[in-house]
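# I need the structure of the sequence given here:
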Amino acid sequence: MATDSGQDLAELVVASAAGDRVSFAALYDATAPRVFGLVVRVVRDRSQAEEVTQEVFLQVWASAGSFDPARGSALGWVLTLAHRRAVDRVRSAVAQSRRDVAYESRQSETPFDSTAESAEERMEATRVRAALTVMTPTQRSAVELAFFDGLTHQEVSQQLGVPLGTAKTRIRDGLRRMRDELGGVP
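The predicted structure is shown next:
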């Protein structure tokens, strides 16, 4: 692609790397429409595309010395910088949106519904009472002492007058039956 003055874009990039502002202006004039078109297709927002295009040309000016004509065309180099910068902007916007949504979800409190919680607790209590009926009387008394009265295994064994191992076995077997009745996992 040649500019109006007949200079090759690669020559303009090399001259820009040396600090030639006139060459950079010519490079800008020759490539800005294509850069902007590419960027606006990626970011899909005209004002964002204008900002990204400006950032691209700042990057071109700052890193023109890294351009190597042996590795590719000047236009390809500029458009690659533009595409990368545009994709970075899109990724940044998506990440910011996710952070905002996550923040909002952490900040908003779900109103407490005491009626629903109370109903759910009553339903659970009914299920637990029904599950207690599948235990043997010895298992039930051991489980009730341990979980409803808050006694330790040692205290349950003393209360029931049985060895500690027997109290633990009754509690464990009773809980297994209860779990099976409630549909728990093994």
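# okay, CA-based contacts and neighbour counts for the rest of this
Noted.
# helix or strand right after the longest helix along the chain?
The single longest helix within the chain, with elements called by DSSP state H, is helix 74-107. Per DSSP states H and E, helix 74-107 leads on to helix 114-132 as the next helix or strand towards the C-terminus.
# so Pro69 touches Ala10, yeah?
Yes. Applying CA atoms under 8 Å as the test, Pro69 and Ala10 come out as touching, 6.5 Å apart.
# who has more neighbours out of these two?
Ala10 (21 against 14; other CA atoms under 10 Å).
# outside of the one helix or strand that one maps to, which residues touch it?
In this structure, Ala10 sits in helix 9-17 according to DSSP H and E. If you take CA atoms under 8 Å, 6 or more residues apart in numbering as the criterion, helix 9-17 is touched by 1-3, 23-24, 26-27, 61-65, 67, 69, 73-75.
# give me that answer again for 6 Å
Ser23, Phe24, Leu27, Ala64, Gly65, Ala74 (CA atoms under 6 Å, 6 or more residues apart in numbering).
# so which bits of stretch 174-186 are buried?
Under the neighbour-count criterion of 16 or more other CA atoms under 10 Å, stretch 174-186 has Gly174, Leu175, Arg176, Arg177, Met178, Glu181 buried.
# and for stretch 160-170?
Those buried within stretch 160-170 under the rule 16+ other CA under 10 Å are Thr166, Ala167, Lys168, Arg170.
# tell me how far the last one lies from Ala131.
The span separating Arg170 from Ala131 equals 15 Å under the rule CA to CA, to the nearest Å.
# and Pro69, what's its pLDDT?
With respect to pLDDT, Pro69 has a value of 89.
# isn't there a strand covering it?
No. Secondary structure of Pro69 (DSSP: H, G, I helix; E, B strand; the rest coil): coil, not part of a strand.
# any idea how far Leu75 is from it?
10 Å.
# next: Trp61.
Trp61 sits at a distance of 14 Å from Leu75 (criterion: CA to CA).
# give me the buried positions along the worst-scoring helix or strand of the chain on mean pLDDT.
Here the helix or strand of the chain ranked lowest by mean pLDDT, DSSP states H and E is helix 114-132, holding a mean of 80. In terms of neighbour count (16+ other CA under 10 Å), helix 114-132 has its buried residues at Ala131, Leu132.
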